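Q: Curious how this folds, go ahead:
(one chain, ligands or ions: 2)
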Amino acid sequence: MTTRNLTRFWEWGRKIICVGRNYADHAKELKNAIPTEPVLFLKTSSAYLREGSPIIVPAYSNNLHHEVEFGVVIGKAGTAIPQESAMDHVAGYVLCLDMTARDIQDECKSKGLPWTLAKAFNTSCPVSEFIPKDKIPDPGNINLWLKVNDQMRQNGNTSQMIFSIPYLINYISDFISLEEGDLILTGTPKGVSRVQEHDEIEAGIEGIISMSFKVERS
Ligand SMILES: O=C(O)/C=C/C(=O)CC(=O)C(=O)O
Ligand SMILES: [Mg+2]
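A: Numbering: from 1, shown residues only. Ligands and ions are numbered 1, 2, ... in the order given. As a prediction, this is how the structure comes out:
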């Protein structure tokens, strides 16, 4: 029996597995091809940030982007989890931001290098409160939105995802075993854009939760 509280999963230090280019409109806005299988990358647990603390623009970046994403919190470990039982491994959900140093990512892409410093720096994964699974009966049809300084920048629905949550759990767990407390970020819809020092980011899952973060420079 676990003595740790899964509703504070960000304290567990488990894996953060991110899915990229999972919305066709976002893949297109960054001039990427529509993927035929999921694009995966990782963040470290030191990327977690909770409301009340600021997002820090890394000193080495001049183009920090917001990406609002739906997060899936794993509640039961598994390897090669079939799609049919994938949702049995989900404990709940969380609203996430995949903060991205786009200039560094572009540089890494052009040099064929990994995206680690573009995606996994400290404060690159702000998260909301934990949302128990029963509060979202249909995670495949929820609206995500994000505003910067009160201006709407992103507004999408998880039904637009290319690869569904069960598909992703099956695909990821074939290669990387999932553990209790792991988090999967499921990709961002279109509308990503730059944020700067003093900006305020507000994001939400319609009718369920919202959160806000200030942006500061290191
Ligand atoms: O390939 C790119 O230029 C950028 C890809 C991403 O940053 C992917 C994501 O993180 C996403 O789609 O959510
Ligand atoms: Mg992303």
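Q: For the protein, which residues are neighbours of ligand 1?
A: 18, 20-22, 26, 30, 32, 67, 98, 100, 105, 187-188 (C-beta under 6 Å from any ligand atom). All C-beta spots, glycine's among them, are computed from the backbone N, C-alpha and C.
Q: and those residues as JSON lines, adding secondary structure?
A: Output for the residues of the chain next to ligand 1, formatted as JSON lines (DSSP: H, G, I helix; E, B strand; the rest coil):
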{"residue": "C18", "secondary structure": "strand"}
{"residue": "G20", "secondary structure": "strand"}
{"residue": "R21", "secondary structure": "coil"}
{"residue": "N22", "secondary structure": "coil"}
{"residue": "H26", "secondary structure": "helix"}
{"residue": "L30", "secondary structure": "coil"}
{"residue": "N32", "secondary structure": "coil"}
{"residue": "E67", "secondary structure": "coil"}
{"residue": "D98", "secondary structure": "coil"}
{"residue": "T100", "secondary structure": "strand"}
{"residue": "Q105", "secondary structure": "helix"}
{"residue": "G187", "secondary structure": "coil"}
{"residue": "T188", "secondary structure": "coil"}
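Q: Can you say which of those residues are buried?
A: C18, G20, R21, N22, H26, E67, D98, T100, Q105, G187, T188 (16 or more other C-beta atoms under 10 Å).
Q: Not counting residues beside it along the chain, what's closest to the third one?
A: Spelled out, it's R21. Once flanking residues are discounted, R21 sits nearest to A27: 4.3 Å by C-beta to C-beta, 6 or more residues apart in numbering.
Q: how many neighbours does the one you found have?
A: Counted with other C-beta atoms under 10 Å, the neighbours of A27 add up to 19.
Q: show me the contacts for it.
A: The neighbourhood of A27, defined by C-beta atoms under 8 Å, 6 or more residues apart in numbering, consists of R21, A33, I34, P35.
Q: Buried subset of those, written for PyMOL?
A: In PyMOL, this line selects whichever of the contacts of A27 come out buried by 16+ other C-beta under 10 Å:
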select buried, resi 21+35
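Q: out of the contacts of A27, who's nearest ligand 1?
A: Nearest to ligand 1, judged by C-beta to the nearest ligand atom, of the contacts of A27 is R21 at 4.8 Å.
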